[in-house]
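Colleague: curious how this folds, go ahead:
(chains A and B)
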Amino acid sequence: MILVTVGMQLGFDRLIRAIDEVAPDLPLPVVAQTGKGTYQARNIQTLESIAPSEFDGMIKQTHLLVAHAGIGTVLTAQRFGKPLVLFPRRASFGEHRNDHQLATVGQLDGRLGIIVAREESELRDAILRGLAMEMSGVADETAARRANLTSAIDQFIRTGIL
Amino acid sequence: MTKVLATASAGGHWEQMMLLRPTLEQFDVHFATTHPDLPRRAGIAAATILPDCNQDQPLNSLRCLFAAFALVLRVRPDVVISTGAAPGFFCVLAGRLTGARTLWIDSVANAEQLSMCGKLSRIFSTRCLTQWEYLADGQRVRYAGKLL
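Modeller: So this is what the prediction gives:
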């Protein structure tokens, strides 16, 4: 299946509506976690919220994640080795406090396993490309940057030096 | 053994903290977050749940501030670490005031500027890290790598 998530805090009707509209063209069924949105979907299954522990079970059975550009979702997709389509929230539509999700997709576009759709019209192609993607673990450069940070934190805890 | 308090709100903040878990678990670490299902999912038994809050909710923020101080006074950590957001900042603040060494790690989501709590941490935290090299000033805000 294709799992759509908008995070734990805010609804994101623009994404849910766009997915609902392209769902008939997709080869797999779609399940969407919608948060506090009000849009009534017709072509996809929706759930307002999914408990984190239940979410882990669902993501294992998922071929592709489609989500707002939240870091939690990016890290979760990476942890489970699932391709991810990111659709950023926009402050101008009242979807978030500011446009930091646009900055996030600007930084992540082109990374292993991540496809960015900036407009509703790009979602269908992005999803089809994501479904065709082969995933294999975390990229080496990500692991190296991560190791740098964790060893700095380790040293700070032991010695106070950073 | 060094006592560490590690606080992160639900969502991306918590996911980032969980990537630090192997490092933190070399010490006597106590985790705090804002949603009870998260430590349960991670198999962390003794975590503390703080009331969630943000800058638009003065009353919740006050409740959270008190809860953060109560937690710090109970745990008496040597080191307080947070990956955000406001509840974590309150723990950093309480830690600093009670003599702990504190580290604010601004979320990797803040790629354009530091979060509001990150900016406050430049002053109130022992150390403040950004995960974007170009946001570091080499003095109050440093870069040491990123989780993504």
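Colleague: going forward, measure contacts between C-alpha atoms and count neighbours the same way
Modeller: OK.
Colleague: give me the beta-bridge partners of the residue positioned nearest the centre of chain A?
Modeller: A centroid search over chain A (C-alpha atoms, centre = their mean) returns A:A67, at 3.5 Å, as the residue closest to the centre. Judged by DSSP bridges, the bridge partners of A:A67 are A:T5, A:L86.
Colleague: was I right to think it contacts A:T73?
Modeller: Yes: here A:A67 lies in contact with A:T73, judged by C-alpha atoms under 8 Å, at a distance of 7.1 Å.
Colleague: okay, and the common contacts of the two?
Modeller: The overlap between the contact sets of A:A67 and A:T73 (C-alpha atoms under 8 Å, 6 or more residues apart in numbering or on different chains) consists of A:G7.
Colleague: gap between the residue nearest to the centre of chain A and B:L59?
Modeller: As for A:A67, its distance to B:L59 is 31 Å (criterion: C-alpha to C-alpha, to the nearest Å).
Colleague: do the same with B:P36
Modeller: Using C-alpha to C-alpha, B:P36 is found at 21 Å from B:L59.
Colleague: same thing with A:I16?
Modeller: In this structure, A:I16 lies at 32 Å from B:L59, with C-alpha to C-alpha as the measure.
Colleague: and if you look at A:E122?
Modeller: From A:E122 over to B:L59 the distance is 42 Å, taken as C-alpha to C-alpha.
Colleague: can you name the residue of chain B nearest to chain A?
Modeller: Among the residues of chain B, B:G12 lies closest to chain A, at 3.3 Å counting by C-alpha to the nearest C-alpha.
Colleague: export the longest helix belonging to chain A as CSV, just CAs?
Modeller: Among the segments of chain A that qualify as a helix by DSSP state H, the longest is helix A:140-159. What follows is helix A:140-159 as a C-alpha-only set of coordinates in CSV (Å, rounded to 0.1, in the frame of the first residue of the first chain):
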residue,chain,number,x,y,z
ASP,A,140,27.5,6.7,3.8
GLU,A,141,27.8,10.5,3.9
THR,A,142,24.7,10.6,6.2
ALA,A,143,26.2,8.0,8.5
ALA,A,144,29.5,10.0,8.7
ARG,A,145,27.8,13.3,9.6
ARG,A,146,25.8,11.5,12.2
ALA,A,147,28.9,9.9,13.7
ASN,A,148,30.5,13.3,13.9
LEU,A,149,27.6,14.7,15.9
THR,A,150,27.2,11.8,18.2
SER,A,151,31.0,11.8,19.1
ALA,A,152,30.8,15.5,19.8
ILE,A,153,27.8,14.9,22.1
ASP,A,154,29.6,12.0,23.8
GLN,A,155,32.6,14.2,24.5
PHE,A,156,30.4,17.0,25.8
ILE,A,157,28.8,14.7,28.3
ARG,A,158,32.1,13.3,29.5
THR,A,159,34.2,16.4,29.6
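Colleague: give me the contacts around the helix or strand of chain B with the lowest mean pLDDT.
Modeller: Every helix and strand in chain B was compared by mean pLDDT, DSSP states H and E; the lowest is helix B:37-42, with a mean of 94. Outside of helix B:37-42, the residues that reach it under the criterion C-alpha under 8 Å, 6+ apart are A:A51, A:P52, A:S53, B:A10, B:T33, B:A45, B:A47.
Colleague: how does it look with 7 Å?
Modeller: Contacts of helix B:37-42 from elsewhere in the structure, counted by C-alpha atoms under 7 Å, 6 or more residues apart in numbering or on different chains, are A:P52, A:S53, B:A45, B:A47.
Colleague: count the neighbours of the residue nearest to B:T48 when sequence neighbours are not counted for me.
Modeller: What sits nearest to B:T48 in space, not counting adjacent residues and going by C-alpha to C-alpha, 6 or more residues apart in numbering or on different chains, is B:A32, at 4.5 Å. For B:A32, the number of neighbouring residues by other C-alpha atoms under 10 Å in any protein chain shown comes to 27.
Colleague: quick one, what contacts B:A32?
Modeller: Contacts of B:A32 were listed using C-alpha under 7 Å, 6+ apart, and they are B:A6, B:T7, B:A8, B:A47, B:T48, B:I49, B:L50.
Colleague: which of the residues in the strand or helix carrying it are buried?
Modeller: Taking DSSP states H and E as the definition, one finds B:A32 inside strand B:28-33. Using 16 or more other C-alpha atoms under 10 Å in any protein chain shown as the test for burial, strand B:28-33 gives B:V29, B:H30, B:F31, B:A32, B:T33.
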